[in-house]
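**Q** Predicted coordinates and the sequence they were generated for:
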Amino acid sequence: MNDTSVHDALARTGRPRPPSALSAVLTIGWRACLKIKHVPFQLNDVIVFPIMMTVLFTYLFGGALAGSTAAYLQYLLPGIVVQTIVFLTVYTGVGLNTDIQKGLFDRFRSLPIWQPAPIVGALLGDLMRYSLAGVVVMVVGLILGFRPEGGALGVILAIALMLVFASAVSWIWMIVGFLVRTPESVMTTSFLLLFPMTFVSNIFVDPATMPGWLQAVVGVNPVTHLATASRSLMHGGAATADVVWVLIASLVVTIVFAPIAMRMYYRER
Amino acid sequence: MTPAIETRNLKKNFGDTCAVNGIDLHVAQGAVYGLLGPNGAGKTTTIRMLATLLAPDGGSAHVFGHDVVKEPAAVREKVSLTGQFASVDEDLTGQENLVLIARLLGFGWRAARVRAQELLDAFGLADAAGRQVRTYSGGMRRRLDIAASLVVRAELLFLDEPTTGLDPRSRNQVWDIVRAIAAEGTTVLLTTQYLEEADQLADRLAVIDHGRVIAEGTSRDLKESIGGRRLQVRLAEPARRDEAAALLRQVLRSEVHEGDDAARLAARVTHDELVPQALAALAARGLTVAEFALAQPSLDDVFFALTGRAAEDRTGKEAA
């Protein structure tokens, strides 16, 4: 480092025109891709876990629950993809909180960009992460013997529905990300909700054997409807009612939480 | 000429705490201006309001004539911020961080990469360009942080405690960078807890305490108002101390304290140029000096002189 080179570097700058909203969003999305490249352990967390769950549940309980492990896998796998992607939504809040604590958000906000770009770009990056995780779990499922009767189209539609739901849930973690002090507390807080949400559903077992009050809870859990819809789509069944249910739930969650999150983003911290 | 920064009675509360309690600042274009104060004095809050990151609760602030509340976009085009903690993405490489910022400022991909390389070269980071920032030392991280603030030429650069936590060598590198930035005509507003830093870099400074400006002026004004530096002398012949004291009083034109140690003298220095004359005068009289030191007043000394209490006490109390 020497003064002359610093002077040169400073003198050489023209100020380009500020980027378009789209360009700013894509750039933030590019950053998310780089993070996936540099820190793949985030993905490991949520890939090793679902693989473990799939293998454990299939071979441990599959025979007892569905007569054979192969039959159970056909039931379980769509739900495991749902669980994986829903768990991943936490990282939206974790990432946001980290950026705030590190001062990166201050830097982004002091740039002459379309102000929601850091949030929208981060969501775009999250969608890529969700898709990637969905594909990985599907591939593992196919290797283990999962055979979607609905074909590739059914699988794609199911994952698309999961992405819609996951983006809606992401807004909730964003709010948590704004509220708490450390990324670790985002994790802790969110798992308090995510564990019951994914386990008290029909992902692992048919709720028919549960007590009535629990069946009622499972029945209103949006994850149940998402799992049912995904199962039907992947296996080529009729899924309209559950798909509509999930779309409405996603819309309601977004309408309620997105404006709160955006308000918190604009408000001073 | 429009001032770079002009605030009137600027205020900010956080709940019951009054972080900034009526600050008036006037910073001329092209100057390096220092905000000096202990932790929790309101320096960072002031900077955040000026950078449009925080809305003031009262008063007004203009940056190059633009109101920070009414014209935040115009302000953002003029300013660049380097926060208190190096605000770079630790997962990305140094090069990727700079490309990211360049892209967000409107550079095309190719231009962004060229610009990133120029800055990496200029800031001595070319060898580390492809490494993740989490492997960088504190000084490298800070240099990258400042480089990210200079991707485009800002009219006004905010530097929030740029050298806190850095080793002396890295600190000197950062100081050189700040001087180079100022020489290019960029106005710099820097906050610091170190009087020496303000002294080295700032043309003018404001001392901030409890969200108020308690003193304002050049570093020299400030030091003179609090009594400047101290010349400490230990004489080889304690018996001739009175003679030496009289001589110092005459040359330095200030009061001289005779310490408990019979060989020691301490004199207030109002003009540094007089120090060599004083030492020469002692030598000319045959008064041998065994030891001497020119002690810089610290932030504590400034605080003590201005408020009657030490700066550290205050932070301690606040934390309690």
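**A** Yep, that arrived.

**Q** What ranges does the stretch 51-200 of chain A have for its strands?
**A** Counting by DSSP state E, counting those that start in this stretch, the stretch 51-200 of chain A has no strands to list.

**Q** got it, and the stretch 151-300 of chain B?
**A** Ranges of strands within the stretch 151-300 of chain B are B:156-160, B:187-192, B:204-209, B:212-217, B:229-235, B:256-258, B:264-269, B:289-295, based on DSSP E, counting those that start in this stretch.

**Q** near chain A at all, the first one?
**A** Looking back up the chat, that one is strand B:156-160. No. Counting by Cβ under 8 Å from any Cβ of the partner chain, chain A has no neighbours in strand B:156-160; the shortest distance is 8.6 Å. From N, CA and C alone the C-beta is placed, and that goes for glycine too.

**Q** If you count contacts, what does that strand end up packed against?
**A** helix B:43-50, strand B:79-82, strand B:187-192 (3 or more Cβ pairs under 8 Å, 6 or more residues apart in numbering or on different chains; DSSP states H and E).

**Q** and the gap between residue B:143 and chain A?
**A** To chain A, residue B:143 is 8 Å away according to Cβ to the nearest Cβ, to the nearest Å.

**Q** where does the stretch 51-200 of chain B have low pLDDT?
**A** Applying pLDDT under 70 to the stretch 51-200 of chain B flags no residue at all.

**Q** can you give me the helices in it?
**A** B:72-78, B:94-104, B:109-122, B:138-149, B:168-183, B:195-201 (DSSP state H, counting those that start in this stretch).

**Q** For the fifth one, enumerate the helices and strands it packs against.
**A** In terms of contact count using 3+ Cβ pairs under 8 Å, 6+ apart, helix B:168-183 is assigned the packing partners helix A:3-11, helix B:138-149, strand B:187-192, helix B:195-201.

**Q** what comes up buried for it?
**A** B:170, B:171, B:173, B:174, B:177, B:178, B:179, B:180, B:181, B:182 (16 or more other Cβ atoms under 10 Å in any protein chain shown).

**Q** which one of those sits closest to residue B:272?
**A** Nearest to residue B:272 among these: residue B:179, at 20.0 Å, using Cβ to Cβ.

**Q** pLDDT below threshold where in the stretch 201-320 of chain B?
**A** For the stretch 201-320 of chain B, the stretches with pLDDT under 70 are B:224, B:226-228, B:259-260, B:296-304, B:308-320.

**Q** Take the strands of the stretch 151-300 of chain B and lay them out in TSV including distance to residue A:91 and mean neighbour count.
**A** Listed next are those as TSV, based on distance: least, Cβ to Cβ, whole Å; neighbours: other Cβ atoms under 10 Å in any protein chain shown:
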stretch	distance to residue A:91	mean neighbour count
strand B:156-160	29	25
strand B:187-192	34	26
strand B:204-209	39	24
strand B:212-217	43	17
strand B:229-235	54	20
strand B:256-258	63	15
strand B:264-269	59	21
strand B:289-295	53	13
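
**Q** Rebuild those strands as CSV, extending it with distance to residue A:267.
**A** Output for the strands of the stretch 151-300 of chain B, formatted as CSV (distance: least, Cβ to Cβ, whole Å):
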stretch, distance to residue A:267
strand B:156-160, 21
strand B:187-192, 24
strand B:204-209, 25
strand B:212-217, 26
strand B:229-235, 46
strand B:256-258, 54
strand B:264-269, 50
strand B:289-295, 47
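
**Q** pretty sure residue A:50 is touching residue A:84, no?
**A** Yes. Counting by Cβ atoms under 8 Å, residue A:50 does reach residue A:84; the two are 4.3 Å apart.

**Q** joint contacts of the two?
**A** Common neighbours of residue A:50 and residue A:84 (criterion: Cβ atoms under 8 Å, 6 or more residues apart in numbering or on different chains): A:133, A:137.

**Q** who's in contact with stretch B:213-223?
**A** Residues contacting stretch B:213-223 (Cβ under 8 Å, 6+ apart): B:23-25, B:34, B:195, B:198-199, B:202-208, B:225, B:229, B:297, B:302, B:306-307.

**Q** Any of the residues you listed buried? List them.
**A** The neighbour count (16+ other Cβ under 10 Å) marks B:23, B:25, B:34, B:195, B:198-199, B:202, B:204-208, B:229, B:297, B:302, B:306-307 as buried among the contacts of stretch B:213-223.
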